[in-house]
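# I would like the atomic coordinates for the input below:
(one chain, ligands or ions: 1)
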Amino acid sequence: MEVILKTLHYFSILFAGGVTVGSGVIQAAYIKAGEVPPPYIGKAFALLGYIGLGSIVTLWITGIGLAHLIYGGLAINGAFHAKLLGAAIVLFISAYANLHVYQAIKAKRPPNGALMKRLVQAGRVGLVLAIGGAAVAFST
Ligand code: HEM
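Numbers count the residues shown, from 1 in each chain. Below is the predicted model of the structure:
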């Protein structure tokens, strides 16, 4: 069971990171070119957002499972709590950004660029905290 949860946890890290880096690079290319993404690229961004949210939800499910299985609960150490704070930020930001994009698509208007930029920046801080926290929490 531990191996399955760990494998899913690591795949989710791969997908969450991939979505963050990939959409950031594509978005930056559009901004640099001074162009707005066409609707089919907008849909691809929305799909990336859903993949990101699915990944962070899977990280929580598998992470809670692993914490109980290996350490008997969530009270592991201080760095682990920093990691959880980072993971909570990523979950909140991802859910909020997806809701905003979904509502924008439904209303046939583009998402708020300034809001999205701030959300992406805050999501990055959460990811750094979660990964840095994991490195410290699980180092001997
Ligand atoms: C953005 C979210 C997250 C990221 C980037 C992340 C990252 C990582 C990384 C890199 C490891 C490997 C650490 C190692 O084995 O040395 C790990 C393991 C682990 N994570 Fe996460 N994680 C996230 C969310 C969570 C959550 C929400 C929980 C718990 C509620 C959690 C609990 C754990 C546990 C228990 C391990 C296994 C430690 C071990 O093998 O001894 N993670 N995580």
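# pretty sure Val136 is touching His81, no?
No: with contact defined as Cβ atoms under 8 Å, Val136 does not reach His81; the gap is 10.9 Å. (Each C-beta comes from the backbone N, C-alpha and C, glycine too.)
# what about Lys117, neighbour count?
12 (other Cβ atoms under 10 Å).
# likewise Trp60?
Trp60 has 17 neighbours, counted by other Cβ under 10 Å.
# same question for Asn112.
Neighbour count for Asn112, taken as other Cβ under 10 Å: 13.
# check Leu91 too.
For Leu91, using other Cβ under 10 Å, the count is 18.
# and it, what element?
In the assignment (DSSP states H and E), Leu91 maps to helix 78-106.
# kindly report the residues of this structure close to the ligand.
Taking Cβ under 6 Å from any ligand atom, the part of the chain that reaches the ligand is made up of 9, 13, 56, 59-60, 63-64, 66-67, 70, 84, 87, 90, 127, 130-131, 134, 138.
# these in strands, which ones?
Nothing among these maps onto strands, per DSSP state E.
# show me which of those are buried.
Neighbour-count burial (16 or more other Cβ atoms under 10 Å) applied to these gives 9, 13, 56, 59-60, 63, 66-67, 84, 87, 90, 127, 130, 134.
# in the protein, which residue sits nearest the ligand?
Closest contact between the chain and the ligand, by Cβ to the nearest ligand atom, is at Gly63 (2.2 Å).
# which ones are touching the closest residue to that residue other than its chain neighbours?
Residue nearest to Gly63 in three dimensions, not counting chain neighbours: His9, with 6.2 Å by Cβ to Cβ, 6 or more residues apart in numbering. Applying Cβ atoms under 8 Å, 6 or more residues apart in numbering to His9 gives the contacts Thr58, Leu59, Thr62, Gly63, Leu66.
# what pLDDT does the first one get?
Among the per-residue scores, Thr58 shows a pLDDT of 98.
# count of neighbours near it?
Neighbour number of Thr58 under other Cβ under 10 Å is 18.
# so it touches Leu14, yeah?
No: judged on Cβ under 8 Å, Thr58 makes no contact with Leu14 at a distance of 11.1 Å.
# figure out how far stretch 20-32 is from the centre of its chain.
On the basis of Cα atoms, centre = their mean, to the nearest Å, stretch 20-32 sits 16 Å off its chain's mean C-alpha point.
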